Each structure stands twice: as structure tokens, then as C-alpha cells.
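Give me a 3D structure for the following:
(2 chains)
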Number of protein chains: 2
Amino acid sequence: MTVAVEKLRGSSWIAGVASSSGGASFHGYNPVDGSRLEPAYASASPAEVDSAVAVAEEAAGFLAASSGKDRAKLLRAIADGIDAAAEALIVRANLETALPRPRLTGEVGRTSNQLRLFAGVIEEGSWVNARIDTADPARMPPKPDVRSMLRPLGPVVVFGASNFPLAFSVAGGDTASALAAGNPVIVKAHPAHPGTSELVAQIIVEAVKANGFPAGTFALLFDAGHEVGAKLVQHPAVRAVGFTGSFRGGRALMDLAAKREVPIPVYAEMGSTNPVFILPGALKTKSEALAVGLHQSFTLGGGQFCTKPGMVFVEDQHAADFTAKLRGSVAESPSFSLLTEGIARVYGEGIEERGKLATVTGTKSDEGFAAQGTLLEVGADAFLADKHLSEEVFGPTTLLVHCDSTEQMMRAARELEGHLTATVLGTDEDLAAHGELLRVLETKVGRVIFNAFPTGVEVNHAMVHGGPYPATSDGRSTSVGSLAIFRFARPVAYQGLPQFALPMELRDENPLGLHRLWNGSFEK
Amino acid sequence: MTVAVEKLRGSSWIAGVASSSGGASFHGYNPVDGSRLEPAYASASPAEVDSAVAVAEEAAGFLAASSGKDRAKLLRAIADGIDAAAEALIVRANLETALPRPRLTGEVGRTSNQLRLFAGVIEEGSWVNARIDTADPARMPPKPDVRSMLRPLGPVVVFGASNFPLAFSVAGGDTASALAAGNPVIVKAHPAHPGTSELVAQIIVEAVKANGFPAGTFALLFDAGHEVGAKLVQHPAVRAVGFTGSFRGGRALMDLAAKREVPIPVYAEMGSTNPVFILPGALKTKSEALAVGLHQSFTLGGGQFCTKPGMVFVEDQHAADFTAKLRGSVAESPSFSLLTEGIARVYGEGIEERGKLATVTGTKSDEGFAAQGTLLEVGADAFLADKHLSEEVFGPTTLLVHCDSTEQMMRAARELEGHLTATVLGTDEDLAAHGELLRVLETKVGRVIFNAFPTGVEVNHAMVHGGPYPATSDGRSTSVGSLAIFRFARPVAYQGLPQFALPMELRDENPLGLHRLWNGSFEK
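This is a model prediction of the structure:
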């Protein structure tokens, strides 16, 4: 902790230097005891927002012209810097979030691995989707030479998330994918972990400088309130937004972006209740393991995961044993420290509001931002009659929905809104007998999971961490995994350009050795 | 013509049958003489809109489960039907639009070729971007099996365009790409060519039936006003919108979609002035060919192309010869029949409003919706001082902007808004000397063209017919070429599913022989 605090300036970072114009200040807090953490952080002023965007806009041309290999070096330097600073980051993040050390140790690795995943993608280079249709002067009318590839958008604004102080924050997935695609990034820090944010920003600033990228490539802005974020999203030079947070926050940004003179895409990952369907075969053969696993999954990280399983559907006639075991696990739940006072308060209100449901609770500490593990239970008829019951309660709780038949469970599935994930727990025979359930669920979510809990989100090439609204603003994309690079790029076609004027990716001899579509056929 | 009119019912087509509940009726008009064409067309009622969407929603599951090969058969059947009906389509479209027979003959071929292009893409199948990351139980924590691919969105609404009665209308690019991706389509017909629209709809309805697809796969709705379109875009079961038309119309749909409880993507191709930069070397060596070519390009189809070159930048010191020749060509322009009375009126007003600019005009008929070819000229200072001068005037006119220096031309380039295309005419030496111009232009448009005019839009795999707002609602996509299929799909990941429950595209043995990303490497 000492190491970390000495380095902290309590200020935004713009154009490679600490910047503070003395706006309203705020502090991080230790969720374990509610104590205030030093230093104070100054909110960025409107002039600082303008300045960060202006230098980002200037840097955009350099980034757009840079090679994938050069940007990969930058990403790898950031990853190395994060790994080297792991201890300081873990100490500070633990202070600011109360997330336990093993979880934060894992998150450091996840963050640097994400950066290296994107580095690998842009070193290889084929992600640009190079397509070449060559000329045919003999055709009537003559067929032109047309070549296209993905190109960056320009300055991207990224909002840090409260629940992943590293992996979805300053150098998180959105920053990594936006930089990888060749865009400058301006991060609006989450105010719940300002020190962690600043430490990571210093690592990025250093890497930008050391690798010869312009200082406008990256900026970090702080704000006690919402003004900085709103101004960023409305700034004419900003071209896209990445956000992970609440439904209310995400929708507000979507609405701001849609009302701009020039609307821009907002990739907001908002909220999700991640329905789980437990099928009869599984209930009969492994109810204890399922109950223990489910309890672990919905209380993991204090239940503050986007993919926390928040609704569980069982057919009652097979579920007595499972239900009893789940109740038992929850009754023995320890107390959890939530990330912020606000999250703890809203969690308490959410549970109280649902007090009419059958509840089983664990213990709760009196200190800091504490919460108790809670199981809520409701019959499917009551569930289907009250839309609010399918909304997310952020924290260590889940809602067990007792169905009286397969038909009722299917009805619940059909009436789901958009979620990040849907999970089916069952035997292969269960799955074969419930083909229609799978077909319905895949229209509702970004990821369908069989026989695992949704809280592990693997960072790879196939992952989709997205899903239809209201889980995200835009179900056509993902915020985790290498597919996320496509958020921050658009195709540009070049017609009739001589070889020397074409990007390397589109030249005849394929100097970068890319997989390309050549006259409609894949080539390497 | 006789053949066509006998087939026309003057009604919408819903669930495979003609449907008319007697809403406000309207007619097509012959632009050559302004005469009214039979039959009258009834606007769809709110109940008919609901009904069309309801059967589309029912059909969505069938389409999502259908194979690419089966959908390709449907697309090929529609293409064959259009080719077989070419003569009737050309006769009717010529009556309704006054577009000349050779142009319409070409458009029939373009329309059926577009359908076959998408058929080829989905027969081959790799467009789904299949990605497979296999399990590793030995890793800690165990690495899950995750596989993802693109899946359809659900019911898509397509608005027919006025200026392409076939290729951007009922069976145009948006319909082809949405069906190809596995989505039901509801077309709102453009009221300027209702008969052509209905003839094409009958072909699609027939093909849907003959190929065993559900009747809700396709619907065509008519409307004298904007109610049907607005209701469609706001309908909860509609998942995406494709539109080609005016800026005002497109933005109105964007705003409606953004305000929905569940916002949906709108792909609106709106307006573009398609800047052309003529560099000194070209002005010196081929001013006559450029003047003739430019005149042909901006008057082609009565100047009613999205990619009409509407602004031309020249350095004055080299442009005297070119300017004189261009003025001469325009002065000899014949009269043009525009598509609708409204377009002709707005064109006349636009030219009149710009009356203070130097103008050269051709002849104008007194009959029907006539317009004269017009050259407007302005100095770059005046151009840069008046933003409205860079806005599109739909019709046979262009604006020649006289620059006094390369710097002034570059300033004009930097201040451009989003357009579909930017064209550079020059020698290779010109191009080498103007690298910065290319770099600026590629940030402003979807397609950069060298030494050709923008009005030819090749339908192929590399084409990008899109560009930053306000040219389109969403610069991340294209409405022409096979890349357009990505508009109407979203990725879905499947985690831990046994082989039998996976889509064919994602099974280990790769039964469809797709190009896939297997543990990060390309395989076939």
C-alpha cells in the first residue's frame, strides 16, 4: 500500500501528464469498514475533457496509420507493466473494492492476458477482413478493382466498471480492443477505485511514451459525478463508447449518443439476470452438487458479476431435495462486503422489496458495506405475473422459481427478456428431450451454457459476452474475447488504387501473409 | 404492360396472400407526363401491420433453424423468378419511374445477381464466423469448450427506395441480405412504384411457397403516408431496419428506433454529396475526358444516384480548360424526367436557392416531372463559409468548387462530413504527391475511388456502400455487396454443449466444410 500511495497524484492524466484543474474532489472508500482512502481525486473540468479529446483526435491519424505489429508492442508493454506492478495493484484494488486477493490476483492475469490476446490478433492481422475483387476490363461494363478492410473509428470513450477494477476498467477489455483496432482511448474512471485506476493509467502512459505513440493515444479522466461522462459521450470528436455498469447508466448514455447531431455507437453492457434451467435428470442425480455449485456461483465476488445466476427454474416435482440443500447452503452463507455504499444500499432495498417472497438468508456483518447471501423463492405463476421479478438484484442473491410443469418452464423461457447468458443443467437425455428450450434460449442471450455455471467468462476467440437488450445496448457484439475488436472498426473500400497507394493488407503480394477473400475465395 | 396490370391486385401481401382492408388509397404516376397509373393501392391498416409482424415472428424460428443451402434455394428461386418476369418488370418500372429501358434491364440483372451473390455466400457457409475454443480440463481453472457463430436477429423491416425500383426495393439488397442471414422480411413499399413492388412481391411469395418456407417469411405493405413505416419501426417484435432514402426520413426512423423500449439497429443509407478531387496532373492531360465523364456521371439516371458526384474540387490555376469543357457539356444537357413530382419540385427549389452561384443549365421539358442538368460554381472561400453548400441536391446537378491552392483543397477535405464515396482523379504522380488527401478522405467515406466516377457501385465481396453519418446511420456497415449480410446477424456462443446439440457449423468434424477459427488458428 505504501508503494502505491506514493505514486498517486490524485489527478487525471491527459496527453501523457498528470492534470488537475481543481474540480470537485472525491475519495475511494474501504468497503470493509467504510473508511475514506487517500488521496483525494479532483474531477476533470470541461476544459480538461476538451483537451483530452483534442489530443486524442490528433493522435487518431497516427494510430490509424500504425501497423498491427506496432500496436501489439504497445499492448504487450502495457500487459508487462501490469504484471510487473501486480502486487501494488492488488494491494490498492483490495483496499478500494474488498475483493479478495486471490480474485484480484486472477484479475491481474486476466487483464494482461486480454491485452496479449488482442496483441496476438493484430500481430497475425487477418482480423481486418481483407477482401479483394480484382478488375476485369473485358467485362461490359468493365469490372473495377475493389479492395476493402476494417479501419479504426477514431477516439473511443471507455467507462470503467465498478466490479472489475482491472479487467473491465482502465486497461480492461474495451481499452484493449479499441487500442488494438487502432483507436485512441479516453477512459472515464469508475469513482469506486480511483487509486487502482490511476496506477494502471500511469502504466499505460509509460508504455505509450516508450513505444513512440503520441501522447493523445490514452487519457484517464476522473469525476465525482456524471458530468464528465456525459460531456465525453456528447463530444463531436468522440466516435464510440464502451460502458459496463447499470441499466440506468447505460440507457442514459445510449439516449445521449442517439440524440447527438452525429449519433455514435454505444456498447453498453448493462444488467442481466442470467436464467438457469435445471432439468429433471440432473435434479434426480446430482442435486447436492448443483445446490453447492449454484450457491458458490451466485455469491462469488459478493454476487457482483454481470453473469451471476439470478433466476433459477426448476420443476417442483423433482426439486425437493435440491431446494432443501440450496436453502441449507444459503443459511450458512458468510457475510459479504459489497463494492460501494450505494451498491450495498440498493441490494438491501431490493431484498426488502421482495420480502413477501420466501427468503432464506445467511449472516451479515455490521461493518462497512456488508450484505448477506439471500435465497428468494416464488412460484412460476407469481413470477410470470410480475415483470420486475426478472430484473437484476446486484449482490449475493438468486431467485428460485418453482414451476409445476415443463410447459410452465417453457413459458417462462419464452417470456424472458435479453440476458448475457442462459444456463441449462441436465443430463444428455434431458438436453435431447428439451431441444425447444435450447432453441428459445439462444434467441434471448449471447451465450448458452450447458452443465456449468455462468460466472466464469473465458477470454478467448469464441466467447460472446453480450446479448439482446436490455442485457446490452447492442446484441450484435461482445465485450469479452477477441471478437470485441470488431466493435471499434468499420469497413472502407479502395477502388482502382495503384499498389503503392494501398494499405499493406490489400496489396497483391499479400506482404503481411493474411487470410483474405480473393475474388470470393479464401486465400493465404 | 397489359400482362403486368392484369396481375396487380392493388393490395399488400401478408402471409402469402393479397390483403386489403381498404385504407387510404394512392396511385403511381408516370413521370414523363404526370399521368395517373392504375390500379389504386390501399394503405395497410394497423391491424395488417400487426398481422404481418406476427406471422414474421412465427416464421423466425423456422428461418433460424433452416440451413444456408435451403435459404440459398429460396434466394435463387426469387432470382430466377425476377429474370423470368424481366419484361413485365421493366415495362412497369419504366412506366412508374421513367428510368430508361437499358438502365432497368441492367437493374433486373443487378437484382437477381445480388440474390445469387448472397445465395453463394450462404451455400459456402463460412460467413457465420464459426469459432471454436476447445476444452482443457487440465488447466486450472478448467478451460471450457466454447463455440460461437452468427445467428439471425428476427423480423427485419426493409423500406423500398425510390431511385432503384428493383435493386434497392422489394427484392433488393436489404431483403436479400436479411433473408440470407435467416431473418423474415417485411417490406414497406416505396409509393412511387407500387406496381413494380407488387409484381416483385408476387414472385417472392411464390418462391417462399414453392420452397417450403413459412408464409410469414415475407410480406409487402403499402402506405400512402408514413404511418405504416413508423408503426413497423416501433413494433416490439421487429429487430432491425434497412432503409434507403432521404436524410430526413432516415433520421426520423433512427430517432424512433432509439426511443423504443428496446432500441433496435437502423441501417439507413441517407444522402451523400460524394466529393470529387481533380488533381493538377489529370487536369493538364485529360481535361476533356474528365469533363465529359463527370457530366455523364452526375446526370446519369437524372442525377438520382446515392453516389452522384455532387461536389467537385479543382485548383483553379490548372482548371480553366476543364471548366470550359464542363460548362459546354452541361449547356447541351437534354431534359431529364425525375422520379416523382416531389423530387422534381425539391430539385427546382434547390437550384433556385443556389441561384446566386454561377450556373450553367441545359434544356428542360414542360411535361411531367422534368428537370434540367445544372452546373453550379463557387469559390472555395464561399463554399467553406456556407455548410449548406455541401448538402446533397438530388437530381442532375453538381457544384464545382474553385480552390486557389492545394492547401485550400485540403482544408475542404478536412471539413467534409461523412459521405458514401470520395473520388480522386489524377496521375500516379498526383496521387503520390497527395498521400495526405487519401488519408483524410478514408476517414470521411466508405469508399475511396481513384480514376473512376462514383456512380458505378459494383456488387461484389469487397464493396462498401456505406460511410460515416450523415451518409448513413451507421458507418460500420454496407448496403451493397456480400458484407451486408453481417448487418442482420449477431454472435451466439455455446458453452459445453455435447456434439449432438450443437449447430452443424460448430461440430468437431466440420460437416459443412467451413473455414473456421479453431483454437485461434484458421482451419478448413
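
my guess is A:Ala59 meets A:Phe213, correct?
Yes - the pair A:Ala59 and A:Phe213 qualifies as a contact (Cβ atoms under 8 Å) at a distance of 7.3 Å. In this view, the C-beta of every residue, glycine as well, is placed from N, C-alpha and C.

Phi, psi for the residue in the stretch 201-350 of chain A positioned nearest to chain B please.
Residue nearest to chain B within the stretch 201-350 of chain A (Cβ to the nearest Cβ): A:Ala258, separated by 3.6 Å. When read as degrees, to the nearest 10, the backbone of A:Ala258 gives phi -70, psi -30.

what's the answer for the one 10 residues further on, then?
Geometry field for A:Ala268 lists phi and psi as phi -110, psi 120, criterion degrees, to the nearest 10.

Beta-bridge partners for it, please?
Beta-bridge partners recorded for A:Ala268 (DSSP bridges): A:Phe243.

Could you check how far it is from A:His190?
14 Å (Cβ to Cβ, to the nearest Å).

any idea how far chain B is from the residue lying farthest from the centre of chain A?
Most distant residue from the mean C-alpha position of chain A: A:Ala138, 50.9 Å away (Cα atoms, centre = their mean). For A:Ala138, the distance to chain B equals 15 Å [Cβ to the nearest Cβ, to the nearest Å].

Surely that residue forms part of a strand?
No - using DSSP: H, G, I helix; E, B strand; the rest coil, the secondary structure at A:Ala138 is coil, not a strand.

Would you quantify the distance from it to A:Thr478?
If you go by Cβ to Cβ, the gap between A:Ala138 and A:Thr478 works out to 44 Å.

which bits of the stretch 101-250 of chain A sit near chain B?
A:120, A:126, A:131-133, A:141, A:143-144, A:146-148, A:151, A:153-154 (Cβ under 8 Å from any Cβ of the partner chain).

Buried ones among those residues?
A:120, A:126, A:131-133, A:143-144, A:146-148, A:151, A:153-154 (16 or more other Cβ atoms under 10 Å in any protein chain shown).

Greatest separation within the residues you listed: which pair is it?
A:Gly120 and A:Lys143 (36.3 Å; Cβ to Cβ).

what about the residue of the stretch 201-350 of chain A closest to chain B, neighbour count?
17 (other Cβ atoms under 10 Å in any protein chain shown).

So it sits against B:Arg260, correct?
No - the pair A:Ala258 / B:Arg260 is not scored as a contact, 10.5 Å apart, by Cβ under 8 Å.

out of everything not next to it in sequence, what's closest to the residue of the stretch 201-350 of chain A closest to chain B?
Among residues not flanking A:Ala258 along the chain, B:Ala258 sits closest, at 3.6 Å (Cβ to Cβ, 6 or more residues apart in numbering or on different chains).

Can you tell me how far the one you found is from A:Pro265?
12 Å.

Near chain B, which residues of the stretch 251-400 of chain A? Just list them.
A:254-255, A:258-259, A:262-263, A:265.

So which of the residues you listed is the closest to A:Lys325?
A:Met254 (41.3 Å).

for the closest one, what are its contacts?
Going by Cβ atoms under 8 Å, 6 or more residues apart in numbering or on different chains, A:Met254 touches A:266, A:268, A:473, B:258, B:263.

Got the domain ranges for chain A?
Following automatic domain parsing, chain A resolves into domains at A:2-26+A:35-270+A:475-486, A:275-450.

Of those domains, which stretch is the most buried?
domain A:2-26+A:35-270+A:475-486 (a mean of 22; mean count of other Cβ atoms under 10 Å in any protein chain shown).

For the contacts of A:Met254, work out which two are farthest apart.
A:Ala268 and B:Ala258 (13.0 Å).

all helices for the stretch 201-350 of chain A, in order.
A:227-234, A:247-259, A:280-299, A:320-331, A:341-353 (DSSP state H, counting those that start in this stretch).

Output the ones you listed as TSV; include the columns mean pLDDT.
Conversion of those to TSV gives the following (pLDDT from 0 to 100):
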stretch	mean pLDDT
helix A:227-234	98
helix A:247-259	98
helix A:280-299	97
helix A:320-331	97
helix A:341-353	96
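
I'd like those helices laid out as JSON lines, including distance to A:Asn94.
What follows is the helices of the stretch 201-350 of chain A, written out as JSON lines (distance: least, Cβ to Cβ, whole Å):
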{"stretch": "helix A:227-234", "distance to A:Asn94": "26"}
{"stretch": "helix A:247-259", "distance to A:Asn94": "25"}
{"stretch": "helix A:280-299", "distance to A:Asn94": "18"}
{"stretch": "helix A:320-331", "distance to A:Asn94": "26"}
{"stretch": "helix A:341-353", "distance to A:Asn94": "17"}
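
For B:Glu392, which of those is the nearest?
helix A:247-259 (22.9 Å).

Also compute the angle for that closest one relative to helix B:247-259, please.
180 degrees (axes from the mean of the first three to the mean of the last three Cα atoms, to 10 degrees).

can you give me how far helix A:247-259 is from the chain middle?
16 Å (Cα atoms, centre = their mean, to the nearest Å).

could you give the angle of that helix to helix A:227-234?
Going by the same axes, to 10 degrees, helix A:247-259 makes 40 degrees with helix A:227-234.

Only alpha carbons, please: show helix A:247-259 as PDB.
Below are the C-alpha coordinates for helix A:247-259, written out as PDB (Å, rounded to 0.1, in the frame of the first residue of the first chain):
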ATOM      1  CA  PHE A 247     -29.000  -0.400 -16.800                       C
ATOM      2  CA  ARG A 248     -29.900   3.200 -15.900                       C
ATOM      3  CA  GLY A 249     -26.400   4.400 -16.600                       C
ATOM      4  CA  GLY A 250     -26.100   2.500 -19.900                       C
ATOM      5  CA  ARG A 251     -29.500   3.600 -21.200                       C
ATOM      6  CA  ALA A 252     -28.700   7.200 -20.300                       C
ATOM      7  CA  LEU A 253     -25.600   7.100 -22.400                       C
ATOM      8  CA  MET A 254     -27.400   5.400 -25.200                       C
ATOM      9  CA  ASP A 255     -30.000   8.200 -25.200                       C
ATOM     10  CA  LEU A 256     -27.300  10.900 -25.100                       C
ATOM     11  CA  ALA A 257     -25.500   9.300 -28.000                       C
ATOM     12  CA  ALA A 258     -28.700   8.800 -30.100                       C
ATOM     13  CA  LYS A 259     -29.600  12.500 -29.700                       C
END
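
what about the nearest residue to A:Phe298 once chain neighbours are set aside, which SS state?
Counting by Cβ to Cβ, 6+ apart, A:Phe298 lies nearest to A:Thr398, which is 4.2 Å off, once chain neighbours are set aside. Using three-state DSSP, the structure places A:Thr398 in strand.

Is it correct that A:Thr398 is in contact with A:Met311?
Yes - counting by Cβ under 8 Å, A:Met311 is a contact partner of A:Thr398 at 7.0 Å.

show me where pLDDT drops low in chain A?
Counting by pLDDT under 70, chain A shows low-confidence ranges at A:1-5, A:524.

let's go with 50 and repeat that
A:1-3 (pLDDT under 50).

which helix is the longest one in it?
helix A:101-124 (DSSP state H).

Check which helices and strands that helix sits against.
helix A:68-84, helix A:86-97, helix A:173-180 (3 or more Cβ pairs under 8 Å, 6 or more residues apart in numbering or on different chains; DSSP states H and E).

Make a markdown table out of those helices and add distance to A:Ser43.
Output for the helices and strands packed on helix A:101-124, formatted as a markdown table (distance: least, Cβ to Cβ, whole Å):
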| stretch | distance to A:Ser43 |
| --- | --- |
| helix A:68-84 | 25 |
| helix A:86-97 | 18 |
| helix A:173-180 | 21 |
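
name the element the closest residue to A:Pro194 other than its chain neighbours belongs to?
With Cβ to Cβ, 6+ apart as the criterion, A:Pro194 has its nearest non-adjacent residue at 4.4 Å, and that residue is A:Tyr41. In the assignment (DSSP states H and E), A:Tyr41 maps to strand A:35-42.
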